[in-house]
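S.K.: following is a predicted model, sequence given first.
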Amino acid sequence: MSKALRLSALRGAAFFGLLAALPSFNLAHWVLNMLVFTLMYAAMSSAWNLVGGFTGYPSLGHAAFFGVGAYAVALWFQHHAIHSGYEPFVILPLVGVLAGLIGLPVAAVAMRTRADVFAIVTITLLFVAQTLAFNLHSITHGAQGLSIDPAPFSPATFERPFYYVLVGLLALAMGITYLTIKSKVGLSLASIRADEDKARGIGVRVSGLKLLTFCVSVGLTSMVGGVWAYYEGFVYPQFAFDPLITISIVLMTFLGGRGTLWGPILGAFVLELSQQNLAYRLGGSQFYLIAYALVFLLIMLLLPRGILPTIQDRLRYRRRRAGAAEGDDRPSAPAPRTAAAKVAVGGGERA
Amino acid sequence: MSALLEITDATKVFGGVRAVDGASLSVGANTITALIGPNGSGKTTLFNLITGYLRPDRGRVQFAGRDVTGMDAGSLYRRGLSRTFQQARVFPQLSVQENLVVAGGYTWRQLFTRRVSSSDRNRAGQLLAEFNLAPVADLLASELSYGQRKLLEFAAVLMSDPKLVLLDEPTAGVNPVMIDTMERHVRDRHAAGITFLIVEHDMSFVMRLCDPVIVLDQGKPIFSGRPSDVQTNPLVLDAYLGS
């Protein structure tokens, strides 16, 4: 096992070990409730990162699939009883596959556009989904929403099953992200993000990879939506298809660092915990949105690439400077004798 | 000599402009064919039609005996037809080595294998050594000089063992030493069996390297023949200098 791989494994084991151990510290209900929401956002940010970070398609429509997952679970349990309490978790993979299948034609159309146009197309999708949920009374009960039977878990440990399922979903999202980074899929996505036309011309399977990534990403998002619906016990269109969900996961991913494994998770923990705290202090009002806007502005100004990429850049720069200083101490290498030799060692004209 | 690439009556219209106007030409196997012409004569549009970046409004493109009209750029690449761009286009946030590896033209199954396997490293390593890019293999492509990016782009399209490579102004914006380097690499790869179609404005480069030369004007070929004949052809002189 290489050193880098060992470090990654250790980091992952420590993080998930800590997450698994947290509930056993007898944390207060409000703390666990806060962690449940933080894990939801961490899993969704990680899923969004596949499309928005690695592929470079800034989707603003992911909340539509969060809502699809929420309604899928709510609708299913209008017709099926909940006995042990774990049934809604068991159907989550089905919910993910369903959302992925719905995402396929959506991506086939939307991903023909790029950048800001793609963002507009996807946010339109979100509002279309919300409007449908409001108006398809016979299925969704419109603004009245749908309720799900309460989970028959012990009140003392009510949050734990949700918490652990969300830890599992986060592990799944991060596992998929890790495998993406380490495979040629990640390499291909990086080329699509940098220059899609060029990537197409060197045989990268651009269309197929974009569809696959989008479907996996929205599938994961919908599974989180399913857990949320069950946890809340009711589903209303304005909350299931809430643009604030999209804005939050985009903001969290930008804050931590797009296209990195840990960036979205870091962003989710920083922002969601701050938001919950702000909402608590400001009496659950919407004032925290002003704080959100301030954070977004600060990120754009100070860390346009996010926390982790900025740190990585600075470390790389420092290492290079240290390397150059070491090189100065050593006897200098003979100068290239010809211009061709200079080019060969990395000289030549700069663009 | 059999034709590796054959274009018949290709036409592409943008609004009221006929960028390529019923062009028919062929590129013989194992040649280094030049495609020259004044600015706006349709060379790059023709490149885009051949490589699947644009669909012709009319006409046919045949490659290696098969009709490939309207086929997408990726499929053509995997069939052995690749190109470079006028402005060197590399992936700036990937390393130099990864820029080569990503151009391997992989199957779906291969996409789910390691990002850079040891066989990828070997294959890319050979090209990096050949193009004098081995010392910068681990740098980000954004850190390379423009000339090195040109070389990297050229090296990358060789990862898929192409039959035909289209080079769009390979010497544009690079220094004289790099022009010689580029010429040497084209000659080496030609000797190894690759056919080239080159759009170029540097006439001395064309005269030294290419045979035959095709001259395009107003979207259609007006001359095709030996480099020595092109300089005295009245149609060509008229196209470049005006009557």
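M.R.: Looks like it came in fine.

S.K.: quick check: A:Leu273 touching A:Tyr41?
M.R.: No - in this structure A:Leu273 lies outside contact range of A:Tyr41 using C-beta atoms under 8 Å: 9.8 Å. Where C-beta positions appear, they are placed from N, C-alpha and C, glycine not excepted.

S.K.: give me the more crowded residue out of the two.
M.R.: The neighbour count for A:Leu273 versus A:Tyr41, taken as other C-beta atoms under 10 Å in any protein chain shown, is higher for A:Tyr41 (27 against 15).

S.K.: so which elements touch whatever helix or strand that one lives in?
M.R.: Take DSSP states H and E as the rule and A:Tyr41 turns out to sit in helix A:29-48. Packing partners of helix A:29-48 (3 or more C-beta pairs under 8 Å, 6 or more residues apart in numbering or on different chains; DSSP states H and E): helix A:62-79, helix A:159-182, helix A:206-232, helix A:243-256, helix A:263-281.

S.K.: and the longest helix for chain B?
M.R.: Identified as the longest helix of chain B according to DSSP state H is helix B:176-191.

S.K.: ok, which of the helices and strands packed on helix A:29-48 comes nearest B:Trp108?
M.R.: Closest of the helices and strands packed on helix A:29-48 to B:Trp108 is helix A:206-232, at 7.4 Å (criterion: C-beta to C-beta).

S.K.: quick one: is the closest one near chain B?
M.R.: Yes - using C-beta under 8 Å from any C-beta of the partner chain, we find that helix A:206-232 touches chain B at A:206, A:208-209.

S.K.: would you list the phi and psi of B:Pro162?
M.R.: Note on B:Pro162: backbone dihedrals following degrees, to the nearest 10 are phi -70, psi 160.

S.K.: that one contacts B:Arg83, correct?
M.R.: No - using C-beta under 8 Å as the test, B:Pro162 is too far from B:Arg83 to be in contact (9.2 Å).

S.K.: and those two? which has more neighbours close in?
M.R.: More neighbours surround B:Arg83 than the other of B:Pro162 and B:Arg83, with 26 against 22 (other C-beta under 10 Å).

S.K.: can you show me the strands along chain B?
M.R.: Taking DSSP state E as the test, the strands found in chain B are B:3-14, B:17-28, B:32-36, B:58-63, B:66-67, B:81-83, B:164-168, B:195-199, B:213-217, B:220-225.

S.K.: need phi/psi at the residue in the stretch 1-150 of chain A that chain B sits nearest to.
M.R.: Closest approach between the stretch 1-150 of chain A and chain B, counting by C-beta to the nearest C-beta: A:Gly56, at 10.6 Å. According to degrees, to the nearest 10, the main-chain angles of A:Gly56 amount to phi 80, psi 20.

S.K.: which ones are touching the closest residue in space to it that isn't next to it in sequence?
M.R.: What sits nearest to A:Gly56 in space, not counting adjacent residues and going by C-beta to C-beta, 6 or more residues apart in numbering or on different chains, is A:Arg193, at 3.3 Å. Counting by C-beta atoms under 8 Å, 6 or more residues apart in numbering or on different chains, A:Arg193 makes contact with A:54-56, A:259.

S.K.: let's see that with 7 Å instead.
M.R.: A:54-56 (C-beta atoms under 7 Å, 6 or more residues apart in numbering or on different chains).

S.K.: give me the below-cutoff pLDDT ranges for chain B.
M.R.: Scanning chain B for pLDDT under 70 picks out the ranges B:1, B:241-243.

S.K.: again, only using 50
M.R.: Applying pLDDT under 50 to chain B flags no residue at all.

S.K.: what residue lies at the spatial centre of chain A?
M.R.: Closest to where the C-alpha atoms of chain A average out (C-alpha atoms, centre = their mean) is A:Ser45, at 1.9 Å.

S.K.: name the nearest residue to that one, ignoring sequence neighbours.
M.R.: A:Pro264 (3.5 Å).

S.K.: nothing else from me, thank you.
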